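Engineer: need the 3D shape of this:
(one chain, ligands or ions: 1)
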Amino acid sequence: MSSALPITIATRESRLALWQAEHVKALLEARGHAVQLLGMTTRGDQILDRTLSKVGGKGLFVKELEAALEDGRADIAVHSLKDVPMELPEGFDLACVMVREDPRDAWVSSDCASPADLPPNAVIGTSSLRRTVLLRAMLSAAGRDDVRIEPLRGNLDTRLRKLDEGQYAAIVLAAAGLKRLGLEDRIRHIFSPDEMLPAAGQGALGIETRTLRPELVQALAPLADQTTWLAVAAERAVSRAMGGSCSMPLAAHATLDNGQIQLRAAWGDPEGGPTLVTAHGVAPVGDLASAESLGTLVASQLRAGGAH
Ligand SMILES: NCc1[nH]cc(CCC(=O)O)c1CC(=O)O
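Structural biologist: Modelled structure (predicted):
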């Protein structure tokens, strides 16, 4: 048993980020630590009129939190792993990855039960390049080239409000965020990974610390989930090998079953048509390095044009 520590958690102030920070706070308090939150607004929260890939990508949600860790105002930062860049800056580590919530994407709409149900010329809202490319492929296969996909940014509540105001016939969101905020009843359809392959890290939370805080790493160790950590390591290795930027439509999803890790990935040309390149790989469950090797291998298949 590690000794009790005072721990300050740096967190964004969106309802989802606060839920996630409170969740970690409760888990650490149950282990005897004295925990407080430090709320902050990041550039990613302020810039709402442009798509993330155009204004600097994933790092926008993370940098201010890292600055608070750097100057000692906070000890840890809780992140949706999907938003964490593949390479952390020198001096920072992912101390643990926690058990994953539902990694799948959810279809939210008041009138349409699924994409097949959309009225002519309907508008779907999403700013994710991955969701756009996968939806385009799905719509094209269904002969629905009339449907438009338009940008949608903001936190979960903002996106749901824009849907409710009628700006979109449907929107696509991560099931994990909706479930955490008790908004599960807004979900009309959950896309299986076959229908819409999730983003690397989707649904998983990671905790970041300064590298040289071994007492913190020890305090966080009981919160880690090894299965999720291995899956996410494989998924993130695909993103890293593909250039690690969110200006690329990339999906990567791993599952562990029967002593094996299965990894699937998909890539689309953001400028191009509905063509998708897909790849998959399987390896025996091993350590983090072997999960990452599987990711690198699957990425090289993607770059070579995929598994046909
Ligand atoms: N990009 C924003 C973001 N980052 C993490 C989640 C959802 C929660 C998660 O994946 O853990 C969301 C919202 C969404 O994609 O709908």
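Engineer: so which bits of stretch 181-194 are buried?
Structural biologist: For stretch 181-194, a neighbour-count test (16 or more other CB atoms under 10 Å) marks Leu181, Leu183, Arg186, Ile187, Arg188, His189, Phe191 as buried. Where you see a C-beta, it was placed from the backbone N, CA and C, and this is true even at glycine.
Engineer: closest one of the residues you listed to the ligand?
Structural biologist: Leu181 (9.7 Å; CB to the nearest ligand atom).
Engineer: that closest one contacts Leu18, correct?
Structural biologist: No. Using CB atoms under 8 Å, Leu181 is not in contact with Leu18; the gap is 9.9 Å.
Engineer: if we can go back for a sec, export the buried residues of stretch 181-194 to CSV and tack on secondary structure and distance to Gly201?
Structural biologist: Shown next, in CSV, are the buried residues of stretch 181-194 (DSSP: H, G, I helix; E, B strand; the rest coil; distance: CB to CB, whole Å):
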residue, secondary structure, distance to Gly201
Leu181, coil, 19
Leu183, coil, 21
Arg186, helix, 23
Ile187, strand, 20
Arg188, strand, 24
His189, strand, 22
Phe191, coil, 17
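Engineer: now pLDDT too, for those residues, in CSV please.
Structural biologist: As requested, the buried residues of stretch 181-194 are exported to CSV (pLDDT from 0 to 100):
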residue, pLDDT
Leu181, 97
Leu183, 97
Arg186, 97
Ile187, 97
Arg188, 97
His189, 97
Phe191, 98
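Engineer: can you name the residue of the stretch 201-308 of the chain nearest the ligand?
Structural biologist: For the stretch 201-308 of the chain, CB to the nearest ligand atom, closest residue to the ligand: Gln202, 4.2 Å.
Engineer: would you mind listing what in the stretch 51-200 of the chain touches the ligand?
Structural biologist: Ser80, Lys82, Asp83, Leu173, Ala174, Ala176, Gly177 (CB under 6 Å from any ligand atom).
Engineer: and the furthest pair within those residues?
Structural biologist: With distances taken as CB to CB, the most widely separated pair in those is Asp83 and Leu173, at 14.1 Å.
Engineer: which one of the residues of the stretch 51-200 of the chain next to the ligand sits in the busiest neighbourhood?
Structural biologist: Lys82 (26 neighbours; other CB atoms under 10 Å).
Engineer: just give the nearest non-adjacent residue to it, would you?
Structural biologist: Gly201 (4.5 Å; CB to CB, 6 or more residues apart in numbering).
Engineer: just say helix, strand or coil for the one you found.
Structural biologist: Gly201 carries the three-state label coil when classified by DSSP: H, G, I helix; E, B strand; the rest coil.
Engineer: brilliant, that's me finished.
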